[in-house]
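1. Just to be clear, the model below is a prediction. Sequence and coordinates:
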Amino acid sequence: MMQTRRHAILQSLSAGAFALQGLHAMAANEDPKGRLVLVFLRGAYDGLSMLVPHGDSRYAQIRPTIGIPKPDGSLQSALTLDDTFGLHPACSGLLPLWQQGVLAAIPCAGSPDPSRSHFDAQYHWETGKPGSSSPSAGWLNVVSGMLGEGHALRAIGVGESGPKILSGPHSVQLVGNGLSATRPGYLAESKTREAMRQLYAGDEKLASTMMEGANNRMATAAMLKPANMVNEQQAANNGAGSPQGLALDAKHLGTLMRQNRQLQLGFLSSGGWDTHINQGSVTGQLANNLFNLSNTLLQLRAAFSEPKDVVIVASEFGRTCAENGTRGTDHGHGNVMWLMGNGVKGGQWHGRWDGLAADKLNEGRDLPVHHDFRGVFAQALTHSVGLPQSRIQEIFPSYRWDTALDGLFRA
C-alpha cells in the first residue's frame, strides 16, 4: 500500500515538472487580459497541514498525532519551502511550481467576521460582505456584469448547481460535475424539444430563454464528450462536490474557457474538508484530499498559464492550530490562501506571520486574520481581468485596499 502511495506521489511530482514545460506555447493566442479562477474548499480546509510551519517548535507540541514531521528529505515528512514553512508531501506535485516561482501562499488570510458557522461564513465570502446576511448578489456575478459587453457571458462555474458567488442579475454559465457535464440533457431529444416549444408557445421570451439554455447544454456536452470517455462506475464513485472529482471539473473548466475566450471568470468547489475526526497526518483522510487538490491545481496550471491568468485556492475559515481529542481539528478563523500564475510572485509566502505562540493567535487557538480575503481578490482582479482599483468598492463596498499585499504580483 505504501509503495503504491509512493508511486502515486512520484507520478504527481513528475506531472508538476511537466506542467512547467511549454509555458509560452500559447503565446500567439494570448489575450491581453487574463482569467481568474477560484477554487473554493467548502468545510474549512486545514491550511496548517498543507503549508506546514515546521520552523515553529510549538507546531509539533500542539499537534502530537496529526502534525506533519519536519523535513527530513523523505516523502514521510514536510517538503522544504524555506526555514519557516514546508509543503505536505501529498502535494509534492506542486513543489516544482513553487520552485519555479509561480505558486505563492498567504498564511494568515480570511474574513474579518468572527463567525465559525459554515453557512454564514461561506455566504460572507461569496457575497464579499463579511458580517452581512442581507440578500446580495454573488461578487463574481457583479464582476461578470462589469466585464460583460452586450450581455456576453463572462463567468462560468463547474460542479455546483447554483453557487451563491455566481448568483445575481447577470447571466453566467453553469456546468454539472463529472460525467454529467458531458450529457446533453433531456431537451436533446427532438420530440421533447417540440413538446416544450408548444408548452411555452404563449410566452416567446420564456420559450427563447429555455431553448437558449438547451442549446448551450448540448454545445457544452459536445465540446467535452471526446475528452472524457471514462468508466461510468468510476465517475459514480466521484460523488458530487467531492475532492476526488475536482480534477475532472478542472479539466472541464479549462476546456470550456479555452473554447470561449470571452469567459474570464471561473469557479470550482468541493466539499469534504471539515475534518473534526481522524484527520490524519502524512496519510489519511486529509492527505487524500490534498493529493486530489494538488492534481486539480496541476490540471489548472496546464490550462491557465498565460501571463495574466490567476488561480486562487481559499476556504471559508481555517481550523484550530491545536488538534482536538478526536485526532482532528475544529472550526478556526484565519487560514492559508494560495495563488498560482505566471504573474504571481511565487516561491515565497506573503503578508504577516507571527508564529504559533498562544498570545499571537486569535482567542489563543486560531490563526489570526491579518489580511482580509477581499484584499487578495482585489489584487487578483486588477492583475488578471484588468479592473481598475477605483472600481473595487463596487464589488466589496466596505473594503479598504491592503497595501501590505502590493507585492503579490510582478509589475
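-> Perfect, I can see it now.
2. how about the residue nearest to Asn260 when sequence neighbours are not counted, what does it touch?
-> Spatial nearest neighbour of Asn260, excluding adjacent residues (CB to CB, 6 or more residues apart in numbering): Leu153 at 7.4 Å. The way it works is simple: take the backbone N, C-alpha and C, and place the C-beta from them, glycine included. Counting by CB atoms under 8 Å, 6 or more residues apart in numbering, Leu153 touches 144, 171-173, 260, 262-263.
3. Buried ones from those, can you make that a ChimeraX selection?
-> This is the ChimeraX syntax for the buried subset of the contacts of Leu153, where burial follows 16 or more other CB atoms under 10 Å:
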select :144,171,172,173,260,263
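4. Restricted to strands, list the contacts of Leu153.
-> Gln173 (DSSP state E).
5. Please render the contacts of Leu153 as CSV that adds pLDDT to the earlier fields.
-> Listed next are these as CSV, based on pLDDT from 0 to 100:
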residue, pLDDT
Ser144, 97
Ser171, 94
Val172, 96
Gln173, 96
Asn260, 96
Gln262, 95
Leu263, 97
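6. can you tell me which of the contacts of Leu153 are in helices?
-> Cross-referencing these against helices under DSSP state H gives Ser144.
7. would you turn the contacts of Leu153 into JSON lines with distance to Gly34?
-> As requested, the contacts of Leu153 are exported to JSON lines (distance: CB to CB, whole Å):
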{"residue": "Ser144", "distance to Gly34": "15"}
{"residue": "Ser171", "distance to Gly34": "21"}
{"residue": "Val172", "distance to Gly34": "18"}
{"residue": "Gln173", "distance to Gly34": "18"}
{"residue": "Asn260", "distance to Gly34": "15"}
{"residue": "Gln262", "distance to Gly34": "13"}
{"residue": "Leu263", "distance to Gly34": "12"}
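8. and which of the contacts of Leu153 is nearest to Ser398?
-> Ser144 (21.0 Å; CB to CB).
9. residues contacting that closest one?
-> Contact analysis of Ser144 by CB under 8 Å, 6+ apart lists 153-155, 166, 168, 170, 172, 265.
10. And for Ala303?
-> When contacts are taken as CB under 8 Å, 6+ apart, Ala303 is in contact with 250-251, 253-255, 257-258.
11. now, the most widely separated pair of these?
-> Longest span within the contacts of Ala303, CB to CB: Ala250 and Arg258, 12.3 Å.
12. Mind checking which of these two has more residues around it?
-> A direct count of neighbours by other CB atoms under 10 Å for Ala250 and Arg258 places Ala250 higher, at 27 against 15.
13. Can you say which helix or strand has that one in it?
-> Applying DSSP states H and E as the criterion places Ala250 in helix 246-259.
14. orientation of the helix or strand just after that helix relative to helix 246-259 in degrees?
-> For helix 246-259, the following helix or strand on the C-terminal side (DSSP H and E) is strand 265-270. Angle of strand 265-270 versus helix 246-259, following axes from the mean of the first three to the mean of the last three CA atoms, to 10 degrees, is 170 degrees.
15. so what's Ser132 up against?
-> Contact partners of Ser132, counting by CB under 8 Å, 6+ apart, are His124.
16. do you know how far it is from Gln262?
-> To Gln262, Ser132 is 31 Å away according to CB to CB, to the nearest Å.
17. from the middle of its chain, how far away would stretch 343-353 be?
-> Here stretch 343-353 is found 17 Å from its chain centre; the criterion is CA atoms, centre = their mean, to the nearest Å.
18. Which positions in it come out as buried?
-> Those would be 343-346, 349-351, 353, for stretch 343-353 by 16+ other CB under 10 Å.
19. what does the average pLDDT come to for stretch 156-164?
-> Across stretch 156-164, the average pLDDT comes to 93.
20. can you list contacts of that stretch?
-> 40, 122-123, 126-127, 138, 165-166, 172-177, 181, 240-241, 245-246, 249-250, 252-253, 256-257, 263, 265-270.
21. least trustworthy helix or strand in this structure by mean pLDDT?
-> Least confident helix or strand of the chain, by mean pLDDT, DSSP states H and E, is helix 232-237 with a mean of 26.
22. hang on, the earlier thing: relative to Leu81, which of the contacts of Leu153 is nearest.
-> The closest of these, once distances to Leu81 are taken by CB to CB, is Leu263, at 32.7 Å.
23. close enough to count as contact, that closest one and Val175?
-> No: judged on CB atoms under 8 Å, Leu263 makes no contact with Val175 at a distance of 11.0 Å.
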